[in-house]
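**Student:** I would like the atomic coordinates for the input below:
(4 chains)
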4 protein chains.
Amino acid sequence: MSNVRTDLAVEAKEIYEEQNKGKIQGVEINEYIENDMKVIDVKITNEVGERSMGKPVGKYVTIEMPEFVQYDKDVMDDVGKTLAKVLSEIVNLEKSMTALVVGLGNWNVTPDALGPKVISRLMVTRHLKELVPDSIDENIRPVCAISPGVLGLTGIETSEIVKSLCDKIKPNLIICIDALASRKTERVNRTIQIGNTGISPGSGIGNKRMEISEKTLGVPVIAIGVPTVVHAATLANDTIDLAIDEMIKQSTQGSQFYNMLKSLDKAEKEKLINEVLYPHVGELVVTPKDVDIVIDSISKVIANGINIALQPALGIEDINKYVN
Amino acid sequence: MSNVRTDLAVEAKEIYEEQNKGKIQGVEINEYIENDMKVIDVKITNEVGERSMGKPVGKYVTIEMPEFVQYDKDVMDDVGKTLAKVLSEIVNLEKSMTALVVGLGNWNVTPDALGPKVISRLMVTRHLKELVPDSIDENIRPVCAISPGVLGLTGIETSEIVKSLCDKIKPNLIICIDALASRKTERVNRTIQIGNTGISPGSGIGNKRMEISEKTLGVPVIAIGVPTVVHAATLANDTIDLAIDEMIKQSTQGSQFYNMLKSLDKAEKEKLINEVLYPHVGELVVTPKDVDIVIDSISKVIANGINIALQPALGIEDINKYVN
Amino acid sequence: MSNVRTDLAVEAKEIYEEQNKGKIQGVEINEYIENDMKVIDVKITNEVGERSMGKPVGKYVTIEMPEFVQYDKDVMDDVGKTLAKVLSEIVNLEKSMTALVVGLGNWNVTPDALGPKVISRLMVTRHLKELVPDSIDENIRPVCAISPGVLGLTGIETSEIVKSLCDKIKPNLIICIDALASRKTERVNRTIQIGNTGISPGSGIGNKRMEISEKTLGVPVIAIGVPTVVHAATLANDTIDLAIDEMIKQSTQGSQFYNMLKSLDKAEKEKLINEVLYPHVGELVVTPKDVDIVIDSISKVIANGINIALQPALGIEDINKYVN
Amino acid sequence: MSNVRTDLAVEAKEIYEEQNKGKIQGVEINEYIENDMKVIDVKITNEVGERSMGKPVGKYVTIEMPEFVQYDKDVMDDVGKTLAKVLSEIVNLEKSMTALVVGLGNWNVTPDALGPKVISRLMVTRHLKELVPDSIDENIRPVCAISPGVLGLTGIETSEIVKSLCDKIKPNLIICIDALASRKTERVNRTIQIGNTGISPGSGIGNKRMEISEKTLGVPVIAIGVPTVVHAATLANDTIDLAIDEMIKQSTQGSQFYNMLKSLDKAEKEKLINEVLYPHVGELVVTPKDVDIVIDSISKVIANGINIALQPALGIEDINKYVN
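**Tutor:** This is a model prediction of the structure:
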């Protein structure tokens, strides 16, 4: 069983396989290439898989974006299309049904502003369908959206806000966008995860908080997440692991040094990290220095993917006219 | 009866008095000086006053900020204190009761971002009272806050969002902050209006939309508004009025020119404006060029005033520690 | 002779023609359509033209952008290409020659931030040519760029900064980008003017300041300007003119009213404006409310046009890879 | 001799002392408390000190800011005053002499925007002294300022820009502000270094570039630096060191494990880091997540300190009126 918490199913899988040297029971994995980028489809099918992965039964699709996507408009368009394709397979919604898109995160904190930035680029139509129905094509789906803010700014659990709104406007589908933390620096701003089991806002922080999911809201919830940071404490932890692994690799098998490194207790290592490192890196995160620019680009890509998936009746040209 | 729409009670009063050359029935006015700035207290007491003012029975207090408040921290503090004093007289709330502060407007459009900017500087405490009650002084009031966004970005009426949230978290008081339009350029970013009759988001635009008020929400609603723009069409209209008045003043009384100017029909003038001017200035607004800086300062002042009024148990030094 | 100051040659021409009811001597005008948008080519050929237009002998090309260009990527691309074509005809530069692009204006004041925003999206190559010449195609032109800031923030005349830099790095061409004021609201954010006679930073403000031109710098200077505001005082002035014109049109020719309106002295009118209106609108400007979004889009269009014009060896796809 | 590169003199000293277990020759250190914060005065007095510290002969003063300075206005004021006091002792300038303040860094990249943000809050007076000398107190010093941008955006070495401007306007003193990298996470946004030996822009990147110093410019140069990031590679490196130290501490002295850890070659460790870690963290930095807010506050503090130091004739109240 994995005791390492990660927001990403592909990371949970990697960690499990590393720790257990074997295939996971109750988990089906399917990899393929779409528009030149790798898509990994992880299906957790039963309770055994749940326990191994630390995640509920459901579907988790990961898109690996090419490096430097923010510098190439064509690649940005391709990622948007791949996201749209993955979403379309999960979204199962008649064209008249309403979607509510929720942008989680804090718009004043750049690496956390992904959700609100996506919202500001969405094609929002619900009010037009209600106020000026004749002026809008009947094939256009009603879409509404909100950026509820974060607990520290609102004093209200995000899930409370979404729940109350959901009870009021009764959407048929909810899509949540959130910035995640990754365990690996190479995944930062390079991975999009799409899942159908909902989301627990701020779940990385360690407190139990009400999740946003079909179970709590009564409507299907699709979560789109992008890791935009690695916690500095995670980087420190993984660095030590890497260093120890490398020292083991370079020492003679069976030697005392080798054995000692091998026997380094996990608990001891965690104590080391918590006592020695954590006080200094507690609240720090690892990001690219030009995070403002990167988040901006990725929010365009994701808004585009959602717009295409939610409005199958429109061509991409029509949608581009809406995207700012 | 006034047929000119304005967000500000002091303007409604001026317009009425200009058009009717007399005191308004059903309206009590009281002016005084507080911290070197003029405070005007307008009370609409009955239906006659309602009709004359185009505003419901209630209390409307206007604070006139000194010019260039944004360049002087001491003056900013004084305005915050004056606002706090005015609010305290209206807020009638036991210390354990919860306040919900709502920042109306669009955070991506500078002159409309006042509400969301105030929210980001509020002292928000409700979650602390719920999650870590022992770590927080019992005299601190639970305060929560939200910036719901605007209809064009969310596809949901702002009042629907506030109503659903209000039903869920059941606050005892709601304070709304909104950027208004003034009829007079000299009031832009110089006036704060505090009223107890609620607010109609986007009411300037001309469509009927559900108001945010005690009537619709079942809890007292205080509205704080600051005019941050004049519509270009209003400026054009008032310019013509001014010009005609001036021409009348300079022409001989009783002359044909004088009589013609005097007889210029209101309807004709409006036709002139709508046909000749409106197509070119329709969506334009008049603002100071450095509106970014001004809005930033005013949002600090207002957040400060609200923080002081809602937390009477705290000294201003403690509150300043919370304000960013 | 025109005594109305405007930044735009097309406006100077219109004003002249209105006031003088005739064609201007010493000015050649050529209009055509390029990529569905109107391009007006104004050539001032001699001193008579200079006096009539209030602008030096030279070439002034105006591109009229379609409305709402910011909502349609294809139209944005088309405007960029049109700008590139106009620039290419004026830029006369061997491929090894260096261009310096100067973004005038204040990045903290949205309607004035156009220049600095263009700079942040330029394809800058001079340092690569110097530091890593082998890694860069020899057909790529060295381009450098600066946003010197404004007098109020720097305490240094912009022209001093540009002059000193020009003496040091010796470019073969300078391109300046500046936000202008228009006389007409319908031109705000709709017009691009390209001229070869340089620029006087802040010249609208009324003080004499050193211009940035071939005369002062010794290298050709191309100025690209976009009107992003109308001064509120201009709007007020023009509103009165419009109103008077309309009243004249509607009154019987030869009547006393007609004659009086006709005889309204220009000086009187200016007195009226300066005494009655100006105190209230002095520093105010007229802009679209969503000016942040509009300026952002136009800066992309202009950066794109400059990039294409300065790098003829590159295809538009290669250039798009550089544009953020 | 130290082979570890750091921007901060206090860090160079710590590293030296750690590696050499002894006091440094040619370096005088003086610590004291000012306004409740620690000030460390490092003087490198000769070539021996230069080699040990990896920094030229000169004065380096470090102010340790209290934690969370950004949440307390009073503490912010205190830091500003401490900085002013330190600066005043180094600035040796008659009141009529001109100071040029240079804000290094990229205003589009938050952790690098400190310099430009300070510039936008400075009290700039040189143009007033030149344009309206009679309207300004004769005791006010002429101050000018520039944010030249970064090489990647301008294509011009920052030092070239400063040099050309310096030749043109001939200031008597230059003050540079730059965001630095620290080796230690606990120093990020907590330390201000003031030095009199100039600055090498982007020197952390590893390439030789012209410095901004009295030697290259011919006028005294004071550098003010604040570490706003730790490179992720540095964090990884130091983490391994910490881990090894801790393992050594916990293993029996003289045991084989102990000896092996002791004998871990520095070169081996660097190889490990460069090959195993660096590919993944190369361009990443470690920052607080709310870096936008923190940088904003620190820029106010530094602008305030500079304003007080450069205008001894003004009281702090007058200066506060200028600070936005």
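
**Student:** Look up phi and psi at residue A:194.
**Tutor:** phi -120, psi 120 (degrees, to the nearest 10).

**Student:** and it, what is it in contact with?
**Tutor:** Taking Cβ atoms under 8 Å, 6 or more residues apart in numbering or on different chains, we find residue A:194 in contact with A:60-63, A:83, A:86-87, A:90, A:222-224. The way it works is simple: take the backbone N, C-alpha and C, and place the C-beta from them, glycine included.

**Student:** Ok, residue A:219 next?
**Tutor:** So residue A:219 contacts A:166, A:171-174 (Cβ under 8 Å, 6+ apart).

**Student:** Same list (those residues) but as CSV, adding neighbour count, pLDDT and distance to chain D.
**Tutor:** Conversion of these to CSV gives the following (neighbours: other Cβ atoms under 10 Å in any protein chain shown; pLDDT from 0 to 100; distance: Cβ to the nearest Cβ, whole Å):
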residue, neighbour count, pLDDT, distance to chain D
A:166, 21, 96, 28
A:171, 22, 97, 31
A:172, 17, 96, 35
A:173, 21, 97, 30
A:174, 24, 97, 26
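
**Student:** Which ones among the residues you listed map onto strands?
**Tutor:** A:173-174 (DSSP state E).

**Student:** filter the contacts of residue A:194 to the buried ones?
**Tutor:** Buried residues within the contacts of residue A:194, counting neighbours by 16 or more other Cβ atoms under 10 Å in any protein chain shown: A:60-63, A:83, A:86-87, A:90, A:222-224.

**Student:** Get me the contact residues on the stretch 1-150 of chain A for chain D.
**Tutor:** For the stretch 1-150 of chain A, the residues in contact with chain D (Cβ under 8 Å from any Cβ of the partner chain) are A:108-112.

**Student:** Nearest to chain D among these?
**Tutor:** Closest approach to chain D among those (Cβ to the nearest Cβ): residue A:109, at 5.2 Å.

**Student:** Who are the contact partners of residue A:232?
**Tutor:** Contacts of residue A:232 by Cβ under 8 Å, 6+ apart are A:281, A:284-286, D:185, D:235, D:286.

**Student:** Mind checking which of those residues are in strands?
**Tutor:** A:284-286, D:286.

**Student:** and the residue nearest to residue A:256 when sequence neighbours are not counted, how many neighbours?
**Tutor:** Distances taken as Cβ to Cβ, 6 or more residues apart in numbering or on different chains place residue D:256 nearest to residue A:256, at 4.5 Å, with adjacent residues excluded. For residue D:256, the neighbour count with other Cβ atoms under 10 Å in any protein chain shown is 14.

**Student:** Next: the one 3 residues further on.
**Tutor:** For residue D:259, the tally of surrounding residues (other Cβ under 10 Å) stands at 14.

**Student:** Only alpha carbons, please: show the helix or strand it falls within as PDB.
**Tutor:** Taking DSSP states H and E as the criterion, residue D:259 maps to helix D:256-263. Included here for helix D:256-263 are C-alpha records, laid out as PDB according to Å, rounded to 0.1, in the frame of the first residue of the first chain:
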ATOM      1  CA  GLN D 256      33.000   1.900   8.300                       C
ATOM      2  CA  PHE D 257      29.800   3.800   7.400                       C
ATOM      3  CA  TYR D 258      31.000   6.900   9.200                       C
ATOM      4  CA  ASN D 259      34.300   6.800   7.300                       C
ATOM      5  CA  MET D 260      32.700   6.200   4.000                       C
ATOM      6  CA  LEU D 261      30.400   9.100   4.400                       C
ATOM      7  CA  LYS D 262      33.300  11.200   5.500                       C
ATOM      8  CA  SER D 263      35.300  10.200   2.400                       C
END
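
**Student:** Sketch out the low-pLDDT regions of chain A for me.
**Tutor:** Across chain A, residues meeting the criterion (pLDDT under 70) sit at A:1-5, A:201-209, A:265-267, A:272-273, A:276-282, A:320-324.

**Student:** tell me the domain boundaries of it?
**Tutor:** Residue ranges of the domains in chain A are recorded as A:9-233+A:284-323, A:234-281, according to automatic domain parsing.

**Student:** Tell me which of the ones you listed is the most buried.
**Tutor:** Of the domains of chain A, the one with the most neighbours on average (mean count of other Cβ atoms under 10 Å in any protein chain shown) is domain A:9-233+A:284-323, at a mean of 20.

**Student:** Chain B next: which of the residues of the stretch 1-150 of chain A next to chain D are close?
**Tutor:** residue A:108.

**Student:** returning to that earlier point: closest one of the buried ones among the contacts of residue A:194 to chain D?
**Tutor:** residue A:62 (17.9 Å).

**Student:** that's a strand at that closest one, yeah?
**Tutor:** Yes. Counting by DSSP: H, G, I helix; E, B strand; the rest coil, residue A:62 is located in a strand.

**Student:** Next up, the contacts around the residue minimising distance to the centre of chain A.
**Tutor:** Centroid check for chain A by Cα atoms, centre = their mean gives residue A:225 as the closest residue, at 1.8 Å. Counting by Cβ under 8 Å, 6+ apart, residue A:225 touches A:7-8, A:177-180, A:192-193, A:195, A:199.
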